[in-house]
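Visitor: sharing a model prediction with you, sequence too.
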Amino acid sequence: MAISRRYSASDVAQAQFAKATAHLQLDAGLVEYLLTPKRELIVHFPVTMDNGHIRMFTGYRVHHNTVKGPTKGGIRYHPDVTLDEVRALAMWMTWKCALMNIPYGGAKGGVQVDPKTLSQRELQRLTRRYATEISILISPEGDIPAPDVGTNPQIMAWIMDTYSMHRGYSTPAVVTGKPIAVGGSQGRIEATGTGVMFTTLEAMKALDMAPAETRVAVQGFGNVGGIAALRMWEQGCRVVAVSDVNGGIYNGRGLDVGALMQHQARSGTVVDFPGSERIDNHDLLICPCDVLIPAALEGVIDELVAPDVQARLIAEGANGPCTMEGEAILLDRGVLFIPDILCNAGGVTVSYFEWVQNLQTFFWSEKEIVQRLREIMLESFQAVWQIARQKEIDMRTAAYTLAIRRVVDAVEARGIYP
Ligand code: NAD
């Protein structure tokens, strides 16, 4: 079954925000200000394809809020990218950065394209043109993009190079998630998946779940899902099911994720991994497991899927994988959520480390990176867990109240200009 796209990501983001603000006494005008994106850029641009023909593409860059610092947020290449989706993702970045205590506002970008249908040369031309179109917004001081679905370190290197050519000197700090050769950080590629593992283990501890007895299912086997599956397997959990856009695989005795990574690198998919049973993306969400890690796209756990989900713990590797209706059904059943703005914040945290290293032109070891990442992830998890317990609210609402409060403190300290 294809991933559900029946809902508006912005509606989900706004409903989550509204649920949290019910616990904060905020002025109505301030609430409206916090909900409204600061600026939204839509670009339509031509790319010369390898066959010599011109093809038009549409891209976006949205800045949600800049009160706490320059904006930060990934760039997505996917055929279903819309302004509504980019807007929601930008808002989630504002709360995520505030929650992690990282001095950034939220942004997001995207191009409506299936990158798998382009040659490397076409992908490079598209990236350089899109980077040029959005260069009125991006800069090391103002807005720093990073990879998201369908983009990768190579694409970040092309953005960095394009921006640097315009400036006349190398500007590594304009993007994060770059290859190490051009100022990337140790540990950045694995950061989001590693952060998912840190928060999931912490939640498992709170629920008294021993890794050796824990069955894990992961939807999406890309940068986030692939590494999260690997890390959970390295921690001794039984990874029973994984999937990608081509479908899923299941083995109740557990998959050898190390071997699966090699299979995927060879064949480009997890499907047909020896010793596994073929399932689809719907089966994956409802398979017998204790921990479910949705790490593909938004809106996959809706009110139709939720009643059949078997996991006790949902670790949101993806941004916005649960609709409000889906989440409500699962919360009623006592399922614990590690909300996306906490669970997958390892990526932006190490992106922040990369930016800091670029600005000071001084690089840290992988050990230092992972240690600092672990500290920040655990500290943030504990802060959210404590609020959830004290106020008897769910983890997402707790995370939002903390993040929104921090942004409100910044608004109040700065005042409204003029
Ligand atoms: P990716 O492109 O590396 O991987 C995406 C995975 O999802 C791939 O395995 C792909 O095959 C699969 N997929 C795509 N469409 C699918 C479909 N219709 N059904 C099932 N699977 C499908 O992307 P990523 O960077 O791993 O991002 C995944 C999610 O994590 C997104 O929600 C993204 O916003 C979020 N995220 C990513 C990062 C990061 O650092 N990369 C950080 C925070 C959040």
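Guide: Structure received. These numbers were taken from a predicted model, which means no experiment stands behind them. Numbering: from 1, shown residues only.

Visitor: ranges for the strands of the stretch 101-250 of the chain?
Guide: 105-112, 143-147, 215-219, 238-244, 247-250 (DSSP state E, counting those that start in this stretch).

Visitor: pretty sure residue 411 contacts residue 67?
Guide: Yes - using Cβ atoms under 8 Å, residue 411 is in contact with residue 67, at 5.4 Å. To be clear about C-beta, it is placed using only N, CA and C from the backbone, and glycine gets the same treatment.

Visitor: report the angle between the axes of the strand or helix carrying residue 359 and strand 143-147?
Guide: Assigning secondary structure by DSSP states H and E places residue 359 in helix 346-360. Helix 346-360 runs at 130 degrees relative to strand 143-147, counting by axes from the mean of the first three to the mean of the last three Cα atoms, to 10 degrees.

Visitor: right, is helix 346-360 up against the ligand?
Guide: Yes - for helix 346-360, a contact with the ligand is found by Cβ under 6 Å from any ligand atom, at residue 347.

Visitor: so what does that helix touch, helix or strand wise?
Guide: With contacts defined as 3 or more Cβ pairs under 8 Å, 6 or more residues apart in numbering; DSSP states H and E, the packing partners of helix 346-360 are strand 71-78, helix 83-99, strand 143-147, helix 188-206, helix 366-391.

Visitor: what does that helix rub up against?
Guide: 72, 74, 93, 96-97, 100, 102, 104, 140, 144, 146, 172-173, 176-178, 183-185, 187-188, 191-196, 198, 224, 363-364, 369, 372-373, 376-377 (Cβ atoms under 8 Å, 6 or more residues apart in numbering).

Visitor: over to stretch 196-204?
Guide: 210-211, 214, 224, 227-228, 231-232, 235, 291, 293, 295, 313, 315, 317, 336, 338, 342-344, 346, 373-374, 377-378, 381-382, 385.

Visitor: repeat that for 7 Å
Guide: Counting by Cβ atoms under 7 Å, 6 or more residues apart in numbering, stretch 196-204 makes contact with 211, 214, 224, 228, 231-232, 235, 291, 293, 313, 315, 317, 336, 338, 342-344, 346, 374, 377-378, 381, all of which sit outside it.

Visitor: again, but for stretch 366-382
Guide: 99-100, 185-187, 191, 194-195, 198-199, 202, 342, 345-346, 349-350, 353.

Visitor: most proximal residue of the stretch 201-350 of the chain with respect to the ligand?
Guide: Scanning the stretch 201-350 of the chain for the residue nearest the ligand gives residue 222, at 1.8 Å (criterion: Cβ to the nearest ligand atom).

Visitor: backbone dihedrals for that residue, please?
Guide: phi -100, psi -140 (degrees, to the nearest 10).

Visitor: ok, how many other residues are close to it?
Guide: 19 (other Cβ atoms under 10 Å).

Visitor: who in the stretch 51-200 of the chain is up against the ligand?
Guide: Contact residues (Cβ under 6 Å from any ligand atom) of the stretch 51-200 of the chain with the ligand: 147, 148, 149, 150, 192.

Visitor: show me the shaky parts of the stretch 51-200 of the chain.
Guide: Within the stretch 51-200 of the chain, the set of residues satisfying pLDDT under 70 is empty.

Visitor: tell me the pLDDT of the closest residue to residue 229 other than its chain neighbours.
Guide: Excluding the flanking residues, the one nearest residue 229 by Cβ to Cβ, 6 or more residues apart in numbering is residue 218, at 4.4 Å. At residue 218, the model reports a pLDDT of 98.

Visitor: equivalent analysis for the one 5 residues further on, please.
Guide: What the model reports as pLDDT for residue 223 is 93.

Visitor: same check on the one 10 residues further on?
Guide: In the predicted model, residue 233 carries a pLDDT score of 98.

Visitor: could you report the neighbour count for it?
Guide: 22.

Visitor: isn't it up against residue 257?
Guide: Yes - counting by Cβ atoms under 7 Å, residue 233 touches residue 257, with 3.8 Å between them.

Visitor: joint contacts of these two?
Guide: What both residue 233 and residue 257 touch, as defined by Cβ under 7 Å, 6+ apart, is the set residue 239.

Visitor: before we move on, what SS does the residue lying farthest from the centre of the chain have?
Guide: Note on the chain: the largest C-alpha distance from the chain mean falls to residue 52, namely 35.6 Å (Cα atoms, centre = their mean). Following DSSP: H, G, I helix; E, B strand; the rest coil, the label given to residue 52 is coil.
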